[in-house]
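> what follows is a protein structure lacking sequence information:
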């Protein structure tokens with residue numbers, strides 16, 4: 001007969017249960033703590049890497065801004081701190097029409113970085129060079145000094161596909177530079193004081209080629225309705241007036257208007273207008289009289305917007321006449337200066353009319369199919385700086401047309417950013 005097994009104590013079961021409970025009580029909080037700690041670390045790392053990404057992108061923006069501001073200088077390759085918690089550091093491929101920018105964002109700095117993020121992009125230069133080789137370049141209508149009194153002069157080289165005439169007496173007409181004329185009238189039909197006639201019977205010199213469609217598309221943001229304004233009224237006219245500053249930048253509103261294709265006329269009265277991209281003033285089909293004109297009056301002015309364009313110039317294209325009245329002006333900006341190119345394709349005469357009193361102009365004036373006329377009221381002597389082109393170029397009394405500094409080097413941009421990022425090149429490099 002089997003003997004009975006010893007009976008186990010209930011206290012042993014209790015001890016096992018207590019030990020299991022204690023183990024669960026220790027392990028579960030520890031696991032939760034480790035899990036929460038992991039989440040905290042991942043969140044902190046994610047935030048830091050996001051901050052480093054933003055720092056890296058800030059470096060890309062800074063590099064493009066520096067390239068736009070002055071093409072002859074390079075963005076710094078030293079670490080640039082932003083606030084107290086981060087920095088970025090740049091490297092660029094050598095100068096060319098396409099460049100690769102690498103930007104490293106660092107937390108807290110690039111010497112002792114705990115977190116970094118690298119971004120690479122390619123940027124391309126969309127600025128256009130347009131050669132303006134002469135202070136005055138006239139078509140078959142020639143260069144006409146029309147003043148019978150007072151000194152009138154050209155400060156630089158002059159080329160006429162027609163004649164060069166002087167209505168004044170000895171000493172009233174002057175060209176301080178080489179001059180060419182294609183007409184063959186026999187002896188020079190002006191006084192010897194027209195300085196340096198280097199070539200008579202010279203070949204026809206064509207005007208610079210300007211792609212009007214390109215600038216029309218730039219002004220209208222490639223025919224985007226948000227960049228096109230149908231001007232109100234009869235005749236349709238958009239007006240910027242009053243004491244203040246307006247910015248003409250494609251895609252941004254200016255006053256109550258979309259910018260920067262204006263269907264009708266544009267008049268600027270007493271206001272300072274900063275031009276940060278291409279502007280197109282378009283004639284309205286069937287409108288009478290013909291539209292597409294630009295008028296500056298009452299002290300109104302136009303200058304390139306240096307903050308937006310940097311060293312780049314831009315183009316104002318009109319279908320109709322351009323009129324700059326006394327005390328209004330077109331100016332340059334920056335050092336070296338950038339200029340506005342005002343071109344009209346109208347055959348109206350005058351196609352561009354500049355009447356001066358006290359102020360002077362600095363720009364490139366191009367009457368492609370008509371007459372460019374400078375006249376004066378009052379007793380002031382007006383010195384205009386830039387380049388001056390027209391089928392006929394007419395200089396009134398006391399007018400001095402001077403070839404502008406930096407004209408050979410200037411480039412023109414349709415928008416403020418002449419170093420846009422090439423589509424599809426944004427990438428992380430770490």
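Perfect, I can see it now. Quick caveat: nothing in here was measured; it's all calculated off a predicted structure. Residues are numbered from 1 along each chain as shown.
> what strand or helix carries the closest residue to residue 409 other than its chain neighbours?
Spatial nearest neighbour of residue 409, excluding adjacent residues (CB to CB, 6 or more residues apart in numbering): residue 336 at 7.1 Å. C-beta here means a position set from N, CA and C on the backbone, and glycine is covered the same way. For residue 336, there is no host helix or strand (DSSP states H and E).
> just give me the neighbour total for residue 336.
With neighbours defined by other CB atoms under 10 Å, the count for residue 336 comes to 14.
> so how far is stretch 199-209 from its chain's centroid?
How far stretch 199-209 lies from its chain's middle: 31 Å, per CA atoms, centre = their mean, to the nearest Å.
> for that stretch, what is the spacing between the initial and final residues?
24 Å (CA to CA, to the nearest Å).
> what are the contacting residues of it?
Residues outside stretch 199-209 that contact it (CB atoms under 8 Å, 6 or more residues apart in numbering): 130-132, 137, 139, 159, 161, 179-184, 188, 366, 368, 389.
> does the residue nearest to residue 409 touch residue 406 like I think?
Yes - contact criterion CB atoms under 8 Å: residue 336 and residue 406 qualify, at 3.9 Å.
> quick revisit: and the residue nearest to residue 409, what does it touch?
311, 405-406, 409.
> those, buried ones only, as a PyMOL selection?
A single PyMOL command selects the buried members of the contacts of residue 336 (16 or more other CB atoms under 10 Å):
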select buried, resi 311+405
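> so which of the contacts of residue 336 is the closest to residue 419?
For the contacts of residue 336, the closest approach to residue 419 (CB to CB) belongs to residue 311, at 11.5 Å.
> so the closest one sits in a strand?
No - under the criterion used here (DSSP: H, G, I helix; E, B strand; the rest coil), residue 311 is coil, not part of a strand.
> show me what contacts the residue nearest to residue 249 when sequence neighbours are not counted?
Computed as CB to CB, 6+ apart, the closest residue to residue 249 that is not its neighbour in sequence is residue 276, at 3.9 Å. Contacts for residue 276 (CB under 8 Å, 6+ apart) come out as 247-249, 304-305, 307-309, 314, 415-416.
> retrieve the pLDDT associated with residue 238.
Residue 238 carries a pLDDT value of 95.
> okay, now the residue nearest to it when sequence neighbours are not counted: neighbour count?
Spatial nearest neighbour of residue 238, chain neighbours left out: residue 231 (4.2 Å); criterion: CB to CB, 6+ apart. Residue 231 has 20 neighbours, counted by other CB under 10 Å.
> any idea how far residue 66 is from the residue nearest to residue 409?
The gap separating residue 336 from residue 66 is 16 Å, by CB to CB, to the nearest Å.
> phi first, then psi, for residue 270.
Dihedral angles of residue 270 (phi, psi; degrees, to the nearest 10) stand at phi 70, psi 0.
> what's around it, how many residues?
Residue 270: 17 surrounding residues under other CB under 10 Å.
> let me see the contact set for the closest residue to it other than its chain neighbours.
Counting by CB to CB, 6+ apart, residue 298 is the residue found nearest to residue 270 once chain neighbours are left out, at 4.1 Å. The neighbours of residue 298, taking CB under 8 Å, 6+ apart as the test, are 241, 269-270, 325, 327-328.
> thinking again about what came up before, out of the contacts of residue 276, which end up buried?
Here, 16+ other CB under 10 Å leaves 247-249, 304-305, 308-309, 314, 415-416 buried among those.
> would you list the residues you listed in JSON lines and tack on distance to residue 263 and pLDDT?
Formatted as JSON lines, the buried ones among the contacts of residue 276 follow (distance: CB to CB, whole Å; pLDDT from 0 to 100):
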{"residue": "247", "distance to residue 263": "20", "pLDDT": "88"}
{"residue": "248", "distance to residue 263": "15", "pLDDT": "89"}
{"residue": "249", "distance to residue 263": "18", "pLDDT": "83"}
{"residue": "304", "distance to residue 263": "24", "pLDDT": "91"}
{"residue": "305", "distance to residue 263": "23", "pLDDT": "86"}
{"residue": "308", "distance to residue 263": "24", "pLDDT": "76"}
{"residue": "309", "distance to residue 263": "24", "pLDDT": "79"}
{"residue": "314", "distance to residue 263": "20", "pLDDT": "91"}
{"residue": "415", "distance to residue 263": "20", "pLDDT": "64"}
{"residue": "416", "distance to residue 263": "23", "pLDDT": "54"}
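> of the residues you listed, which belong to helices?
Counting by DSSP state H, these place 308-309 in helices.
> just to revisit the earlier point, touching, the residue nearest to residue 238 and residue 265? I think so.
Yes - applying CB under 8 Å, one finds residue 231 in contact with residue 265, separated by 6.5 Å.
> what is in contact with these two at once?
Between them, residue 231 and residue 265 share the contacting residues 237-238, judged by CB under 8 Å, 6+ apart.
> report the two of the contacts of residue 298 separated the most.
Based on CB to CB, the longest span within the contacts of residue 298 runs between 241 and 327 and measures 14.6 Å.
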